[in-house]
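S.K.: pasted the sequence and its predicted model underneath.
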Amino acid sequence: MILRRTLMHTSTLFHKTMTSQVEQAKDAAALRAVREHVYDGCRLGVGSGSTVVYAVKHLAELVTTAGLNVTCVPTSFQARQLIIEHGLHLSDLSQTPELDVVIDGADECDPQLNLIKGGGGCQLQEKIVAACGKKMVVIADYRKKSQELGEQWKKGIPIEVVPMAYVPVMNKLRSYGLEPVLRMAQSKAGPVVTDNSNFVVDAKFTAPHNWELLETKLCRTPGVVETGLFVGFASVAYFGMKDGSVSVLHKPPV
Ligand SMILES: O=C(CO)[C@H](O)[C@H](O)COP(=O)(O)O
């Protein structure tokens, strides 16, 4: 009994330490990116996910302390709420169609800065906003940094699909050698429904691909609205590391 309790205590402690290490890493990456890329007059795309929460917190502090004028365009309902909650200047792409910087998280990032995004199901708006930015800055913790996509993120490529087309799209994905899984909701019966009322299919892959070709093929599949493969979008990535440092990766010259 005592041994069991001790083991449980040790495992809880280990879990807590790991969690705080990951959260500190997200915070460090977000802080560095905000400090280095946000400036007075900046039109900023605000990404989605848990790392972006830290970025918005640091952004709000910077805006207040340095008196900066920053216009924020959200990539999701979550991002919009964060901008409002922090009293930041909210805009949208119809009023602010050109952005200077977009700061967003990623589920995985390779050395060429190819990304898998959409773990939070926001890939469509995230890609639209990223495409409006002069520069996309990625913020992530050390678990997201990899040599090859698929090495760290095992859930596959999030693909946003028109609901009535999900079965034929999944069949097509199988014919491309992918293993599609319809993403199911956690606190609702049935599938996840995105901010744009679509479904998300996570397409698992076993071997590395030519990401650009795969992305083109996926986007040409009728019923596919957008994918979480971001090829050629990111300019720089900040990874918070286990030791508290931040590792910075720039897009290699082509
Ligand atoms: O693409 C995303 C949401 O669609 C997120 O940016 C991605 O999932 C990373 O999230 P987190 O910062 O919570 O790890």
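M.R.: That came through, no problem. Numbering: from 1, shown residues only.
S.K.: mind listing residues that contact stretch 57-74?
M.R.: With CB atoms under 8 Å, 6 or more residues apart in numbering as the test, stretch 57-74 has contacts from 30-31, 34-35, 38-46, 48, 80, 82-83, 86-93, 96, 99, 125, 129, 132. C-betas here are computed from N, CA, C, even on glycine.
S.K.: check those against the ligand, which are close?
M.R.: The subset of those within reach of the ligand, by CB under 6 Å from any ligand atom, is S48.
S.K.: filter the contacts of stretch 57-74 down to the ones in helices?
M.R.: A30, L31, V34, R35, R80, L82, I83, Q125, V129 (DSSP state H).
S.K.: for the residues you listed, which single residue is the most surrounded?
M.R.: The residue in these with the most neighbours, by other CB atoms under 10 Å, is A30 (28 neighbours).
S.K.: ok, now which ones touch it?
M.R.: A30 touches T51, V52, Y54, A55, K57, H58, I103, I139, Y238, G240, counting by CB under 8 Å, 6+ apart.
S.K.: if we use 7 Å, what do you get?
M.R.: T51, Y54, A55, H58, I139 (CB atoms under 7 Å, 6 or more residues apart in numbering).
S.K.: so, in contact with the ligand or not, the helix or strand containing the first one?
M.R.: Pointing back at T51 there. Counting by DSSP states H and E, the element that carries T51 is helix 50-66. Yes - using CB under 6 Å from any ligand atom, helix 50-66 reaches the ligand at S50, T51.
S.K.: quick one: the very next helix or strand once past that helix near the ligand?
M.R.: Note on helix 50-66: by DSSP H and E, the next helix or strand toward the C-terminus is strand 71-74. No - using CB under 6 Å from any ligand atom, strand 71-74 stays clear of the ligand, coming no nearer than 12.1 Å.
S.K.: now do the SS call for R143.
M.R.: At R143 the chain is in helix, as set by DSSP: H, G, I helix; E, B strand; the rest coil.
S.K.: how far away is it from the ligand?
M.R.: According to CB to the nearest ligand atom, to the nearest Å, R143 and the ligand sit 8 Å apart.
S.K.: OK, contacts around that residue?
M.R.: By CB under 7 Å, 6+ apart, the residues touching R143 are V22, Q152.
S.K.: sorry, back to before: can you give me how far the helix holding T51 is from the chain middle?
M.R.: How far helix 50-66 lies from its chain's middle: 17 Å, per CA atoms, centre = their mean, to the nearest Å.
S.K.: buried stuff in it?
M.R.: Residues of helix 50-66 classed as buried by neighbour count (16 or more other CB atoms under 10 Å): T51, V52, V53, Y54, A55, V56, K57, H58, L59, A60, L62, V63.
S.K.: just the residues you listed now: which is nearest V22?
M.R.: T51 (9.8 Å; CB to CB).
S.K.: buried ones among the contacts of stretch 57-74?
M.R.: 30-31, 34, 38, 42-46, 48, 80, 82-83, 86, 88, 90-91, 93, 96, 99, 125, 129, 132.
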